[in-house]
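[1] got a structure for you, letters missing:
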């Protein structure tokens, strides 16, 4: 028996996909993936360059802070504190200052490791690979420390008269 609702309508098998789209076509999905890949390809070099600049900036700030810490430690204890720069790698150590994590160990920093991952070179007019802060906080000489990662570069200068470390 037919109801009043069915009158005037064609009754037959229903087709689930007729008249409307319930999803995306493969072509549409591929087009979106290609567009995202192009945008990602353009953004990746800029992101990498920004990451290198950030690493160099953080490493430069670390070196400045540690030189300032060594100078303050020398003044506070009225004893010499030496900062040794490793000629073989991007490392330095502060003799006369205890390591923050390991009791009895010398305070040492490896800028070639996470989170910095930078290269380092240094030079001094006297040719030394260390700077000594005397009991008054005066350095034994000047120091020029260059930090680099890829194209990013930062230079830290140690003033021989005041002992202040600054960015070039």
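    Done, it's in. This one's a predicted model, so the numbers in the text were calculated from it and none came from an experiment. Numbers count the residues shown, from 1 in each chain.

[2] Reduced to three states, what does the most centrally placed residue in the chain come out as?
    In the chain, the residue lying closest to the centroid (C-alpha atoms, centre = their mean) is residue 55, at 2.9 Å. With DSSP: H, G, I helix; E, B strand; the rest coil as the basis, residue 55 sits in helix.

[3] Which residue, other than its chain neighbours, is closest to it?
    Leaving aside its chain neighbours, residue 55 sits nearest to residue 149 (5.1 Å; criterion: C-beta to C-beta, 6 or more residues apart in numbering). No exception for glycine: its C-beta is placed from N, CA and C like everyone else's.

[4] what about the one you found, distance to residue 130?
    For residue 149, the distance to residue 130 under the criterion C-beta to C-beta, to the nearest Å works out to 24 Å.

[5] what number of residues lie near the residue nearest to residue 55?
    By other C-beta atoms under 10 Å, 22 other residues sit near residue 149.

[6] For the chain, just list every one of the helices.
    For the chain, applying DSSP state H gives helices covering 26-77.

[7] So what's the residue count around residue 78?
    The number of residues packed near residue 78 is 10, by other C-beta under 10 Å.

[8] What of the one 10 residues further on?
    Per other C-beta under 10 Å, the neighbour tally for residue 88 reads 5.

[9] who's in contact with it?
    Taking C-beta atoms under 8 Å, 6 or more residues apart in numbering, we find residue 88 in contact with no residue.

[10] measure the residue lying closest to residue 161 once chain neighbours are set aside to residue 122 for me?
    Excluding the flanking residues, the one nearest residue 161 by C-beta to C-beta, 6+ apart is residue 138, at 8.0 Å. The span separating residue 138 from residue 122 equals 19 Å under the rule C-beta to C-beta.
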